[in-house]
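In: Turn this into a model:
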Amino acid sequence: MLDKLRQAVRPYALLPVRFGLGLALLVDGWAHATGPAALTRTLSRVDLPLAEPLTWVVVGIELLGGLLILLGFQARSAAGVLVVWLSVDCFFIHLRNGWFADQGGFQVPLLLLMCALALLLGGPGRASVDSIRGAA
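Out: So this is what the prediction gives:
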């Protein structure tokens, strides 16, 4: 009986990951869109080139990527882009601050990176626009 239940819920296993990652990215992207100066300063501080235009690229990645992940539309493509950005975020921006999130560390960016990687590898699951389109 437990095996039947596991089989029934398996196609929905990444749904909480999708919702959590999508919501986190949308909230973060909105915060960066409404107050871009802090992100621009951070990108400049770690010597990433073209910090001001890059800020708006990041805002776009977070907002559009968050929405696509949340809906499960073009989810693997969105997750692939997010894996690249979150790797940069994790290893070039937050790693120097140590592990703990309250000290600006890489704890949360690494968690988001792992969620994006799980979606890239596992797909969006059955409860997604991609699945409805037959593209999951």
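In: can you pull out the strands in this structure?
Out: Secondary structure of the chain (DSSP state E): no strands located.
In: Report the buried residues of the lowest-mean-pLDDT helix or strand in the chain.
Out: Here the helix or strand of the chain ranked lowest by mean pLDDT, DSSP states H and E is helix 2-9, holding a mean of 93. Across helix 2-9, burial judged by 16 or more other C-beta atoms under 10 Å covers no residue at all. The way it works is simple: take the backbone N, C-alpha and C, and place the C-beta from them, glycine included.
In: how far is that helix from where the chain is centred?
Out: Centroid separation for helix 2-9 versus its chain: 28 Å, with C-alpha atoms, centre = their mean, to the nearest Å.
In: Equivalent analysis for stretch 54-61, please.
Out: For stretch 54-61, the distance to the chain centre is 13 Å (C-alpha atoms, centre = their mean).
In: So which bits of that stretch are buried?
Out: 54-55, 58-59, 61.
In: Return the alpha-carbon coordinates of that stretch using PDB.
Out: The C-alpha coordinates for stretch 54-61 follow below in PDB (Å, rounded to 0.1, in the frame of the first residue of the first chain):
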ATOM      1  CA  LEU A  54      24.400  43.300 -14.700                       C
ATOM      2  CA  THR A  55      22.100  44.300 -11.900                       C
ATOM      3  CA  TRP A  56      19.200  44.500 -14.400                       C
ATOM      4  CA  VAL A  57      20.200  41.200 -16.000                       C
ATOM      5  CA  VAL A  58      20.000  39.600 -12.500                       C
ATOM      6  CA  VAL A  59      16.600  41.300 -11.800                       C
ATOM      7  CA  GLY A  60      15.400  39.800 -15.100                       C
ATOM      8  CA  ILE A  61      16.800  36.300 -14.300                       C
END
